[in-house]
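K.L.:
Predicted structure and sequence below. I'll ask about it afterward.
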Amino acid sequence: MSETIPSTRRDAQEFETVADGADRSVAAFERHRRGPVEQLQHVLHSNPTLVPVIVLLGAVTVFGLVAGSKFFSAFNLTLIMQQVSIIGILAAAQSLIVLTAGIDLSVAAIMVLMSVIAGNLAVYSGVPAFLALLISFAGGTAAGMFNGFLVTRVKLPPFITTLGTWSIFYALNLWLSGAQSIRSQDIDTEAPLLKFFGETIAVGSARITYGSILMVLVFLVLWYMLNKTAWGRHVYAVGDDAEAAELAGIRTGRTLMSVYALAGFVCAIAAWASIGRVGSISPQAFYEGNLQSITAVVIGGISLFGGRGSILGALFGALIVGVFQSGLRLAGVDVLWQVFAIGWLIIIAVAIDQWIRKVSA
């Protein structure tokens, strides 16, 4: 007599068989449902820096073919690095704010204000250049904290807040400087340290400024802070969903305040580098620095909605702008059409970001 399986046990076995078959069917369906476009979308979602890297390599290849050896000359490549160094550092500061789903329209004004403060103290007031720089670093941090206070405590939108403080800082620039520039000769005589980042070192046949090296170091330090520390994880969490982050125990107000303070400090670093890059100090320098920093951030794949992207993307974004400007110039394209091309780059970058964001994390 054969052994009979109880009905309840037999039903359970049949249910498990059906469920297992359904799971395999669903898994097979999931594997075959995504086409090449969807797979590319998911890859770019997981690696947001990949887009600017591809664009940069493509731009270098195209302009190398169009402009020939002139584009790949050591002089031109190092010139690109020099030209984007200040905007690149500003883009690093801007990236910190954008990652929290904000935007800072005052970064360039803070930078110029700190250069004016350092220059006036060191050149006209007899303050040692090193101390003048320390005061400008403290001033940049304070300016960033002022923005952070208005955003976190007064609850003003970052766009409106920094639009207002841009006017405030710009007016202070003109007041402190008397709308007059500090000449290169005066800086050389009284405070040559202020022009340190304009000096160059030889690397083979190329000459690289200390300002270009500083830009790369700033990005590497900030990348480490954002990706290898708890503070960095909090920044991404606040940018992705501030309410959820607060429910998870993150002190969102303190995190935002620290981000704005750090951004102000980075702007002060950019102020020191800008003196070496330009050679003089003008209260009206880098007037378009705010928009240029945002351009580098957007092209670099950092989402304007916050919480997604790598700060290294802003570095690649700044380099893309520099490569386009250099390549178009060597190709004989008018400046007007260079600006036209950069405008299309911004629109395309935002469109790609919107497309990538459709992928659920």
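P.N.:
Everything's here; your move.

K.L.:
Quick check: Gly144 vs Leu262, distance?
P.N.:
From Gly144 across to Leu262, the span is 7 Å (CB to CB, to the nearest Å). The C-beta positions use only the backbone N, C-alpha and C, and glycine is treated the same way.

K.L.:
quick one: which of the two has more around it?
P.N.:
Gly144 (30 against 23; other CB atoms under 10 Å).

K.L.:
okay, and the helix or strand of the protein with the least pLDDT?
P.N.:
Every helix and strand in the chain was compared by mean pLDDT, DSSP states H and E; the lowest is helix 7-33, with a mean of 51.

K.L.:
What is the burial count for Ile160?
P.N.:
Neighbour tally, Ile160, other CB under 10 Å: 12.

K.L.:
Now do the SS call for it.
P.N.:
Here Ile160 is helix, with the state taken from DSSP: H, G, I helix; E, B strand; the rest coil.

K.L.:
Please tell me how far it sits from Ser167.
P.N.:
From Ile160 over to Ser167 (counting by CB to CB), the distance is 12 Å.

K.L.:
go on, Val218?
P.N.:
Distance, Val218 to Ser167, by CB to CB: 27 Å.

K.L.:
of these two, who's got more company?
P.N.:
Val218 (22 against 13).

K.L.:
okay, the more buried one: pLDDT?
P.N.:
Looking at Val218, its pLDDT is 97.

K.L.:
Identify all contacting residues around the one helix or strand it maps to.
P.N.:
Assessed by DSSP states H and E, Val218 sits inside helix 210-228. Helix 210-228 is contacted from outside by 78, 81-82, 84-86, 88-89, 92, 95-96, 99, 196-201, 231-232, 235-236, 266, 269, 273, 276-277, 310-312, 314-315, using CB atoms under 8 Å, 6 or more residues apart in numbering.

K.L.:
Show me how far it is from its chain's centre.
P.N.:
On the basis of CA atoms, centre = their mean, to the nearest Å, helix 210-228 sits 11 Å off its chain's mean C-alpha point.

K.L.:
what's the answer for stretch 132-146, then?
P.N.:
Worked out by CA atoms, centre = their mean, stretch 132-146 lies 20 Å from the chain centre.

K.L.:
residue ranges of the strands in the stretch 151-300 of the chain, please?
P.N.:
200-203, 206-209 (DSSP state E, counting those that start in this stretch).

K.L.:
just these: most buried one?
P.N.:
strand 206-209 (a mean of 18; mean count of other CB atoms under 10 Å).

K.L.:
residues making contact with that one?
P.N.:
With contacts defined as CB under 8 Å, 6+ apart, strand 206-209 is touched by 74-75, 77-78, 81-82, 85, 197-201, 276-277.

K.L.:
one more time with 7 Å, if that's ok
P.N.:
Under the contact criterion CB atoms under 7 Å, 6 or more residues apart in numbering, strand 206-209 has outside partners Ala74, Leu77, Thr78, Met81, Gln82, Ser85, Phe197, Gly198, Glu199, Thr200, Ile201.

K.L.:
Select from the residues you listed every entry located in helices.
P.N.:
Ala74, Leu77, Thr78, Met81, Gln82, Ser85 (DSSP state H).

K.L.:
Cheers, nothing more for now.
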